[in-house]
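Enquirer: whatever this is, show me its structure:
(one chain, ligands or ions: 1)
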Amino acid sequence: MFIILALLVDIFWVVLDTEEKMEQSASIAVERMDALFTGIEKKLAAIDTSNDFCTESDRQALEDIIYDSVSIKEISFIRDNKIVCSDRSRQHNVDISRELPKNYSDFTGRFTYTAKDQRRNKNALFYLIPAQDMWVRVSLHLDYIDFWVSDFGARHSMKAKVIYNGNFVAGDAEVKNCDLLNLIEVDSQKYPYTVMTGYNGHLLLKAFKDQLLYAILIIFLISALFVVGLSSLCRNRRTLESEIVQAIKNNEFVGYLQPIVCSQTQQWRGAEILLRWEHPHNGLTTPAEFITIAENSGLINDITLKLLAEAARNKAVLDKINPDHYLSLNVTASMIANPFFVRKLISIIKHSPALQHGIVLEFTERETFTDDQLAQLQTGMTKLRQHGVTWALDDFGSGYSGLSRLQQLSFEVLKIDRAFVAASSTDTITHSILDSICNLAKRFDCDVIAEGIETTEQAERVNALGIKYCQGYLFAKPMSFSKYVSKLKKAQRQPVLDLAPKELEQIIEH
Ligand SMILES: Nc1nc2c(ncn2[C@@H]2O[C@@H]3COP(=O)(O)O[C@H]4[C@@H](O)[C@H](n5cnc6c(=O)[nH]c(N)nc65)O[C@@H]4COP(=O)(O)O[C@H]3[C@H]2O)c(=O)[nH]1
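Expert: Here you go, the predicted model:
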């Protein structure tokens, strides 16, 4: 795996790196060759070709240009296939029609061609520039240009060649007739040639070898970081897990209560028990900080049993204030699909008369199940229902399986996810979905609780939709049992039905 990753990084790297390098090198080569041609043309422009052209001093000037440049072999002026003027090494009136490309007079601009230099019987590179009624033919040392191009390629660790009209003009003989790998072409904007850069198999392999060490180093570093990160995550997880074990022993997990109120009368009908960790160092901690680990490690089962035992004691107290007041406890669906755990719950309920009525168990629609697990969940729910438990489907609308859960299992209560309530104020589609959920709940004969009510507008909207119960910070935040008892007593004495929203908010503040 390590080797494969390193090779993949290597290939990716080489492909990216070589492409950029080749483009840069081809552009540099074009720049330098352009400079060569511009230099030649500048010097030629200084020669006066009018009237008595080709005097001895004109020929001397041509010879001086050749003398100054290592790449130029000969300069001739051509008219009607004949050399009409040349440097002093050349005779005039020589017919060179065999050497010139047949269609050369059709050209209107500069062009290059390779042909046999008749005098030296060697291949030469010719560069033709139109000049009034003549052509200037610059004969270049092909060996020199070949050497320059291949040396340039070698210095940039690649292969380079010059082409014109798709034909090889100059470069390394090795790549004359073969395609280069990962090829880049850069055209000269002023002169008739294109520079091609690329790799042959040998060079590409060398690039892979050169970069492989770096690729291995990178993969090694990434893996090391990954391992360190993972082990610190595991260590944190283990630490948190053992902290949770200790916290269960020390009874640091307690249930906070948040009232569920009647939408119309705003009387407290019941409360949801929400888990809190009274952490000795971190203070009061909400489930977001530990619930995933508690659930994944299975420790949530012990915590839930403790919360149910605590609920039994608290329910007995609440029954004295209001015997119709119910308590709702969070469980996970997999707990209820576990027959052993269901037996444990039933045994606690059997021993606590206060739990034999007014107990709601809620779980979210998010967990997924096989058909067997679903059947076990149904059995568990039925058994607990026989002991007075009623069922609520929590966070309805937050996932995709809410509707199928409603069809597969039976619930007495549907709790609408708070994201829906929040979005319904700005989004008309969500508002109509909320309306459909209410109709759906009616069809399945469920009571509906809207979660997360934070504003009076939300409370009014929910009430207008016929949603019977609400839960949210507008009415009260989750609080300790003792605080809940005193607030419930107050709420019992003073029905909040007649209070204006502002007064209601003031009561909640205190
Ligand atoms: N922004 C906003 N939030 C509001 C408002 N009203 C209530 N809430 C928060 O919304 C959550 C409602 O509980 P939930 O949907 O069952 O969602 C619960 C539940 O799924 C899970 N949970 C809590 N206690 C237990 C437990 O004992 N066992 C299990 N298995 N899960 C639990 O943790 C979740 C989060 O619990 P909490 O942090 O206590 O968060 C609670 C509550 O404090 C409001 O107006 N605005």
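
Enquirer: low-confidence ranges, the stretch 401-510 of the chain, go.
Expert: Across the stretch 401-510 of the chain, the ranges flagged by pLDDT under 70 are 401-402, 425, 494-510.

Enquirer: isn't Arg276 right up against Asn282?
Expert: No - applying C-beta atoms under 8 Å, one finds Arg276 not in contact with Asn282, separated by 11.5 Å. For every residue, glycine as well, the C-beta is placed using N, CA and C.

Enquirer: buried ones in the helix or strand harbouring Leu440?
Expert: Using DSSP states H and E, Leu440 sits in helix 428-443. Judged by neighbour count (16 or more other C-beta atoms under 10 Å), helix 428-443 contains these buried residues: 430, 433-434, 437-438, 440-441.

Enquirer: mind exporting that helix as PDB, just the C-alpha atoms?
Expert: Listed in PDB are the C-alpha atoms of helix 428-443, where the atom choice follows Å, rounded to 0.1, in the frame of the first residue of the first chain:
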ATOM      1  CA  THR A 428     -42.900  28.700   2.400                       C
ATOM      2  CA  ILE A 429     -42.000  25.200   1.100                       C
ATOM      3  CA  THR A 430     -40.900  24.100   4.600                       C
ATOM      4  CA  HIS A 431     -44.100  25.700   6.000                       C
ATOM      5  CA  SER A 432     -46.200  23.600   3.700                       C
ATOM      6  CA  ILE A 433     -44.100  20.500   4.500                       C
ATOM      7  CA  LEU A 434     -44.900  21.200   8.200                       C
ATOM      8  CA  ASP A 435     -48.500  21.300   7.300                       C
ATOM      9  CA  SER A 436     -48.200  17.900   5.600                       C
ATOM     10  CA  ILE A 437     -46.400  16.400   8.600                       C
ATOM     11  CA  CYS A 438     -49.400  17.500  10.800                       C
ATOM     12  CA  ASN A 439     -51.800  15.800   8.400                       C
ATOM     13  CA  LEU A 440     -49.600  12.700   8.400                       C
ATOM     14  CA  ALA A 441     -49.500  12.600  12.200                       C
ATOM     15  CA  LYS A 442     -53.300  12.800  12.200                       C
ATOM     16  CA  ARG A 443     -53.500   9.800   9.800                       C
END
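
Enquirer: helix or strand next in line after it, which one?
Expert: The helix or strand immediately downstream of helix 428-443 is strand 447-450, counting by DSSP H and E.

Enquirer: list the buried residues for the following helix or strand past that next one?
Expert: Next along the chain after strand 447-450, taking DSSP H and E as the criterion, comes helix 456-464. Judged by neighbour count (16+ other C-beta under 10 Å), helix 456-464 contains these buried residues: 458-459, 461-463.

Enquirer: hmm, helix 456-464 touching the ligand?
Expert: No - judged by C-beta under 6 Å from any ligand atom, helix 456-464 makes no contact with the ligand; its nearest approach is 8.8 Å.

Enquirer: 36 is where my numbering starts, stick with that
Expert: Taking 36 as the first residue, the last one we looked at is helix 491-499.

Enquirer: mind giving me the packing neighbours of that helix?
Expert: When contacts are defined as 3 or more C-beta pairs under 8 Å, 6 or more residues apart in numbering; DSSP states H and E, helix 491-499 packs onto helix 453-458, strand 504-505.

Enquirer: where in the stretch 86-235 of the chain is pLDDT low?
Expert: In the stretch 86-235 of the chain (pLDDT under 70), the answer is 155, 215-217.

Enquirer: let me see the ranges of the strands in it.
Expert: Taking DSSP state E, counting those that start in this stretch as the criterion, the stretch 86-235 of the chain carries its strands at 107-114, 117-121, 146-152, 157-166, 169-175, 194-199, 202-206, 216-222, 229-234.

Enquirer: in CSV: the buried residues of helix 463-478, plus distance to the ligand.
Expert: Output for those, formatted as CSV (distance: C-beta to the nearest ligand atom, whole Å):
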residue, distance to the ligand
Thr465, 17
Ile468, 18
Leu469, 16
Ile472, 16
Cys473, 19
Leu475, 19
Ala476, 17
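
Enquirer: name the residues that touch the longest strand along the chain?
Expert: The single longest strand within the chain, with elements called by DSSP state E, is strand 303-314. Strand 303-314 has contacts (C-beta atoms under 8 Å, 6 or more residues apart in numbering) with 282, 287-297, 319-322, 324-326, 338, 342, 346, 357, 359-365, 393, 395, 397, 504, 506, 513, 519, 523, 526-527.

Enquirer: what's the mean pLDDT across that strand?
Expert: Here strand 303-314 scores 97 as its mean pLDDT.

Enquirer: what about it, distance to the chain center?
Expert: Distance of strand 303-314 from the chain centroid (C-alpha atoms, centre = their mean, to the nearest Å) equals 38 Å.

Enquirer: what about Leu160, distance to the ligand?
Expert: 79 Å (C-beta to the nearest ligand atom, to the nearest Å).

Enquirer: how about TSV for the helices and strands packed on helix 491-499, with mean neighbour count and distance to the ligand added?
Expert: Formatted as TSV, the helices and strands packed on helix 491-499 follow (neighbours: other C-beta atoms under 10 Å; distance: least, C-beta to the nearest ligand atom, whole Å):
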stretch	mean neighbour count	distance to the ligand
helix 453-458	19	6
strand 504-505	24	9
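
Enquirer: any chance of CSV for the ones you listed, columns distance to Asn116?
Expert: Supplementary listing: those in CSV, determined by distance: least, C-beta to C-beta, whole Å:
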stretch, distance to Asn116
helix 453-458, 86
strand 504-505, 102
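
Enquirer: would you mark the buried spots in the longest strand of the chain?
Expert: Applying a neighbour-count criterion of 16+ other C-beta under 10 Å, the buried positions in strand 303-314 are 303-312.
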